[in-house]
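Student: I'll drop the sequence and a predicted model, then ask my questions.
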Amino acid sequence: MKSISDNRQMEEMREKSGRGRGNKRLIPGFGLTMGITLAMLSILILIPLASVLIYAFRMPPAEFIEILTSESVRWALFVSVSTSFVAALINVVFGLILAWVLVRYEFPGKRILDGLVELPFAIPTAVAGITLSRLYSDQGLFGRALGHLGLRVSYTHLGIIVALTFIGIPFVVRTVQPVLEQLDPFFEEASSMLGAAPHTTFLRVVLPELTPALLTGFGLAFARGIGEYGSVIYISGNSARDHTQVASYVIMQRLNYMDYSGATAVALVMLVLSFLLLFSLNLIQLKQHRRTGDA
Amino acid sequence: MKRTAMNHSSRRMAALGMAAALLVGLTACGGTAPTSTGGAGSTQAGTAGSAEAAGEQSYHLTNVSYDPTRELYAAYNEAFAAHYLAETGNTVEITQSHGGSGGQARSVVEGADADVVTLALAHDITLVEEAGLIQPGWLSEFERDSSPYTSTIVFLVRGGNPKNIHDWDDLTRDDVDVIHPDPKSSGAAMWNFLAAYHYADEKFAGDDAKIKEFLTKLYSRVLVMDSGARGATTTFVENGQGDVLVSWENEAIATVASYPDQYEIVSPSISILAQPSVAIVDGNADKNGTQQVAHDYLAYLYSEEGQQIIGQYGYRPSDDKVLAQYADKFDLNMKLCNINDFGGWDEAYKVYFSDGGVFDEIYLR
């Protein structure tokens, strides 16, 4: 019902603003901007990715399968996906809390804290990796304390998760923050005035509004984690036997010996994984959008 | 109305600006790529700058090298530029590039404009040769298999040698944690592996099963496998991991020089003579017109001055007389095998380090 009236409204608005077919007049330089967009996308994304595909398909299928089924490659892919998944989950929880604090409260130093969130984007990943590996090694500040609890972090899967959490946190915060800013606190007030307990308000009023943003942040952090190299290799220990090699490390290993086909095969799998991941997230969002749209 | 007009034009300006930026970016990329003799690019050392006014020629060389040679070549480049100016009246400016040996070789194959390569092992130079950039026969172009300096593999232990580590046997002990880079990505680690293999080979008189058992034991003690030699040194020194670092002799010497009381070098009874090789990248040098100066650059490594610098930076000079002067720095009593004991690099790489090779067999079992 609502969607129909929505559509009608939209049409009216379009007529008023003279949009519709008149697109070209109101968005100046459409040809130029679209041209630049297509050129950039092709030069920077589509053609490089297509060349990975072409390179991979030139390989004899038997060789391709042999590379991908080798134990070290299977483990590396599994480790990359699972640690990125866990790191992305951690980021969803703590990213939400961080965004919440940044949006809903006023406190001294808020601006600085807000800026700090973006640091993982700016710091060279190798620097982050070396610093983290040192802090979390059993001689380091955190590592020593955690060691008393019987936890080894650097050079284990935990270490990989720490590094991936570090690089992924801005994705969640920066996608949730603007949505939270738009979310009117009156909703929450209304909910509690109607007698809902705080957790009910959070679960049934706030969270549904934030879910799309959280999912996007999760997907971005997850996808980034699967491909991450610089920050991970210094903390992971890269042991094939302890299964602490990540997929991007296996690619570098092979590139170092100019084993291009091996590297491409692994890269292709990562490409497909990331694509499927982002695609399914979009699908979920689309479904959700429809559901909330109909409700 | 006025405002929309403003918007209009400002948007158009923005679009034009973007387009212009894009164009500038593209042409800038196209423009800088082919220059190599112009003297642009990041130079780290070796400028003999202002003498250009004499009307003599000025050359620009790019030396693509491996990780630990950074300091060595920074010093050598300066010495060579001064020597070259005095000898020929020409100036030469040298750009250095450092990284893992295999990756550096790959960058040259993929188009890095190196005039010379000075890499950790001959096999990496062979990769460049196979791409058609270096003419066959480079190995005998300079003296001593084109290795102006050599090094070997030693152990670096913590001060006072608390774990009492003296030879390869000690690395298989249960109470010893070993730091050793990944032979599947680091040139240094391949030398390490072959040195250990040779020790086991001598110890068990070629008994294949026992050799592999020994190596399996040794590599089960490896705590962290970094992707390269420098990373392994960081793990051992900065992060305090492990009891012994299997390392280049020159890296070990440099570490002990920086932290005199905290580390000691232990020479195992048997090790390997690591011969880092040098070669002119003919394909690039011919194109850049630097064939002659590149040759002089590499040949001067064998001169008295070159050999002295090599000794000072912890590499073993190939000249026996100069080497003797540094006898207190290097343990010259170590028994050293060399790559020919393994049938040369191509053979060694195939047998030990390719997928499913000896290293995979002993490490993953």
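Tutor: Looks like it arrived, so ask away.
Student: tell me, what residue is most central in chain B?
Tutor: With distances taken as CA atoms, centre = their mean, residue B:66 lies nearest the centre of chain B, 2.2 Å away.
Student: chain A contacts on the stretch 151-300 of chain B?
Tutor: Within reach of chain A by CB under 8 Å from any CB of the partner chain, the stretch 151-300 of chain B has these residues: B:182, B:184-185, B:220, B:222-227, B:231, B:234-235, B:238-241. C-betas here are computed from N, CA, C, even on glycine.
Student: just the ones of those residues in helices?
Tutor: B:220, B:231, B:234-235 (DSSP state H).
Student: highest neighbour count among those?
Tutor: Comparing those by number of neighbours (other CB atoms under 10 Å in any protein chain shown), residue B:235 comes first, having 28 neighbours.
Student: and residue B:153, helix, strand or coil?
Tutor: Judged by DSSP: H, G, I helix; E, B strand; the rest coil, the three-state class of residue B:153 is strand.
Student: pretty sure it sits against residue B:248.
Tutor: Yes: between residue B:153 and residue B:248 there is a contact under CB atoms under 8 Å: 6.9 Å.
Student: settle it for me: which of the two has more neighbours?
Tutor: Neighbour count, other CB under 10 Å: between residue B:153 and residue B:248, residue B:248 has more, with 30 against 26.
Student: torsion angles phi and psi at the more buried one?
Tutor: phi -60, psi 140 (degrees, to the nearest 10).
Student: what residues are up against it?
Tutor: B:68, B:151, B:153-154, B:188, B:191, B:229, B:274 (CB atoms under 8 Å, 6 or more residues apart in numbering or on different chains).
Student: pLDDT at it, what is it?
Tutor: Listed pLDDT for residue B:248 reads 92.
Student: show me the contacts for residue B:224.
Tutor: Applying CB under 8 Å, 6+ apart, we find residue B:224 in contact with A:155, A:237-239, B:179, B:232, B:235, B:241-242.
Student: give me the distance between it and residue A:45.
Tutor: Computed as CB to CB, to the nearest Å, the residue B:224 to residue A:45 distance reads 36 Å.
Student: list the buried ones in whichever strand or helix holds residue A:207?
Tutor: Using DSSP states H and E, the element containing residue A:207 is helix A:207-227. Neighbour counts over helix A:207-227 (16 or more other CB atoms under 10 Å in any protein chain shown) mark A:210, A:212-227 as buried.
Student: so what touches stretch A:85-101?
Tutor: A:113, A:117, A:161, A:164-165, A:168-169, A:171-173, A:176-177, A:180, A:210, A:214, A:217-219, A:221-222, A:225.
Student: ok so, going back, wait, isn't the residue nearest to the centre of chain B in contact with residue B:191?
Tutor: No: counting by CB under 8 Å, residue B:66 does not reach residue B:191; the two are 11.6 Å apart.
Student: now do the shared contacts for those two.
Tutor: Common neighbours of residue B:66 and residue B:191 (criterion: CB under 8 Å, 6+ apart): residue B:120.
Student: end-to-end on stretch B:178-189?
Tutor: 13 Å (CA to CA, to the nearest Å).
Student: how about stretch A:116-130?
Tutor: End to end - CA to CA - stretch A:116-130 spans 19 Å.
Student: now do stretch B:291-309
Tutor: Stretch B:291-309: ends 24 Å apart by CA to CA.
Student: from what I can see residue B:117 touches residue B:283, true?
Tutor: No: the pair residue B:117 / residue B:283 is not scored as a contact, 11.4 Å apart, by CB under 8 Å.
Student: who has more neighbours out of these two?
Tutor: residue B:117 (31 against 17).
Student: and stretch A:184-195, how far out from the chain's middle?
Tutor: Centre-to-centre, stretch A:184-195 and its host chain are 32 Å apart (CA atoms, centre = their mean, to the nearest Å).
Student: next one: stretch B:86-104
Tutor: That offset, for stretch B:86-104, works out to 13 Å (CA atoms, centre = their mean).
Student: how about stretch A:236-245?
Tutor: The chain centroid and the centroid of stretch A:236-245 are separated by 24 Å under CA atoms, centre = their mean.
Student: what does the domain assignment say about chain B?
Tutor: Following automatic domain parsing, chain B resolves into domains at B:12-150+B:275-329, B:153-273+B:334-363.
Student: which of those domains has the lowest mean pLDDT?
Tutor: Among these, domain B:12-150+B:275-329 carries the lowest mean pLDDT (a mean of 81).
Student: which helices and strands does the helix holding residue A:207 pack with?
Tutor: Where contact means 3 or more CB pairs under 8 Å, 6 or more residues apart in numbering or on different chains; DSSP states H and E, helix A:207-227 is packed against helix A:71-104, helix A:157-182, helix A:260-294.
Student: quick revisit: distance to residue A:129 added to the domains of chain B, as TSV?
Tutor: Converted to TSV, the domains of chain B look like this (distance: least, CB to CB, whole Å):
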stretch	distance to residue A:129
domain B:12-150+B:275-329	16
domain B:153-273+B:334-363	10
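Student: residue B:205: which of the ones in helices among the residues of the stretch 151-300 of chain B next to chain A is nearest?
Tutor: residue B:220 (23.2 Å; CB to CB).
Student: sorry, back to before: put the alpha carbons of the helix holding residue A:207 into CSV.
Tutor: Output of helix A:207-227 as CSV, limited to C-alpha atoms (Å, rounded to 0.1, in the frame of the first residue of the first chain):
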residue,chain,number,x,y,z
LEU,A,207,18.6,-2.3,15.9
PRO,A,208,16.3,-2.8,12.9
GLU,A,209,17.1,0.7,11.8
LEU,A,210,20.8,0.0,12.0
THR,A,211,20.9,-3.4,10.6
PRO,A,212,21.5,-2.4,6.9
ALA,A,213,24.4,-0.2,8.0
LEU,A,214,25.8,-2.9,10.3
LEU,A,215,25.6,-5.5,7.5
THR,A,216,27.4,-3.2,5.1
GLY,A,217,30.1,-2.5,7.6
PHE,A,218,30.4,-6.2,8.4
GLY,A,219,30.7,-7.0,4.7
LEU,A,220,33.3,-4.3,4.1
ALA,A,221,35.4,-5.4,7.1
PHE,A,222,35.0,-9.1,6.1
ALA,A,223,36.0,-8.5,2.5
ARG,A,224,38.9,-6.3,3.5
GLY,A,225,40.1,-9.0,6.0
ILE,A,226,40.1,-11.7,3.4
GLY,A,227,42.5,-9.7,1.2
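Student: and stretch B:86-93, what's buried?
Tutor: Across stretch B:86-93, burial judged by 16+ other CB under 10 Å covers B:90-93.
Student: just those: which are in strands?
Tutor: Counting by DSSP state E, the part of those found in strands is B:91-93.
Student: contacting residues around the residue nearest to the centre of chain B?
Tutor: Residue B:66 touches B:98-101, B:104, B:118-120, B:187, B:276, counting by CB under 8 Å, 6+ apart.
Student: I figured residue A:191 hits residue A:201, correct?
Tutor: Yes: the criterion here is CB under 8 Å, and residue A:191 meets it with residue A:201 at 4.3 Å.
Student: that older thread, who touches both of residue B:153 and residue B:248?
Tutor: Joint contacts of residue B:153 and residue B:248 (CB under 8 Å, 6+ apart) are B:188, B:191, B:274.
Student: what is the burial count for residue B:189?
Tutor: Residues near residue B:189, counting by other CB under 10 Å: 25.
Student: should've said residue A:180
Tutor: 18.
Student: next one: residue B:299
Tutor: Neighbours of residue B:299 (other CB under 10 Å): 15.
Student: check residue B:135 too.
Tutor: 14.
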